[in-house]
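My questions concern the predicted model and sequence given below.
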Amino acid sequence: MREKLVLIGNGMAGIRTIEEILKNDSERFDITVFGEEPHPNYNRILLSSVLQGDTTVDDIVLNEYSWYEENHIELLTGDPVTQVDTEK
């Protein structure tokens, strides 16, 4: 039986951690990621170029929605976490 792993926040550091977990043991966890923003994770360092109009959010995405699907990760975007119930 797989353990449940929930990541609150879809940022660069958290997703990088998930990438390492998958590299070491891709079958260990059922992974769910909650992100408040409506996008998959993106390079926040390049966000200023999006705000300036030099590029789009799609251009700075690090992991497309397909990456989450291929790695059996449930991604919930546009969902700010306000409370955690560890029993559920």
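Yep, that arrived. Just so it is clear, the model here is predicted, and its values are computed rather than measured. Numbering: from 1, shown residues only.

Now do the same contact list for residue 81.
The contact partners of residue 81, by Cβ atoms under 8 Å, 6 or more residues apart in numbering, come to 8, 34, 36. Bear in mind the C-beta positions are built from the backbone N, C-alpha and C, glycine included.

Quick one: residues contacting the most centrally placed residue in the chain.
The residue lying closest to the centre of the chain (Cα atoms, centre = their mean) is residue 10, at 3.6 Å. Residue 10 makes contacts with 33-37, 39-41, 75, 77, as judged by Cβ under 8 Å, 6+ apart.

buried subset of those?
Among the contacts of residue 10, those buried by neighbour count (16 or more other Cβ atoms under 10 Å) are 33-35, 40-41, 75, 77.

would you turn those into TSV with secondary structure?
What follows is the buried ones among the contacts of residue 10, written out as TSV (DSSP: H, G, I helix; E, B strand; the rest coil):
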residue	secondary structure
33	strand
34	strand
35	strand
40	coil
41	coil
75	strand
77	strand
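
check which helix or strand covers residue 54.
Take DSSP states H and E as the rule and residue 54 turns out to sit in neither a helix nor a strand.

For residue 37, see how far away it is.
With the distance defined as Cβ to Cβ, to the nearest Å, residue 54 ends up 20 Å from residue 37.

could you point out the longest helix in this structure?
With DSSP state H setting the assignment, residue counts place helix 12-25 as the longest helix in the chain.

if I look at residue 55, how far off is residue 67?
Remark: distance between residue 55 and residue 67 (Cβ to Cβ) = 20 Å.

Can you give me the neighbour number for the closest residue to residue 22 other than its chain neighbours?
Once flanking residues are discounted, residue 22 sits nearest to residue 71: 5.7 Å by Cβ to Cβ, 6 or more residues apart in numbering. Residue 71 has 15 neighbours, counted by other Cβ atoms under 10 Å.

contacting residues around residue 71?
Contacts here follow Cβ under 8 Å, 6+ apart; on that basis residue 71 touches 22, 26, 31.
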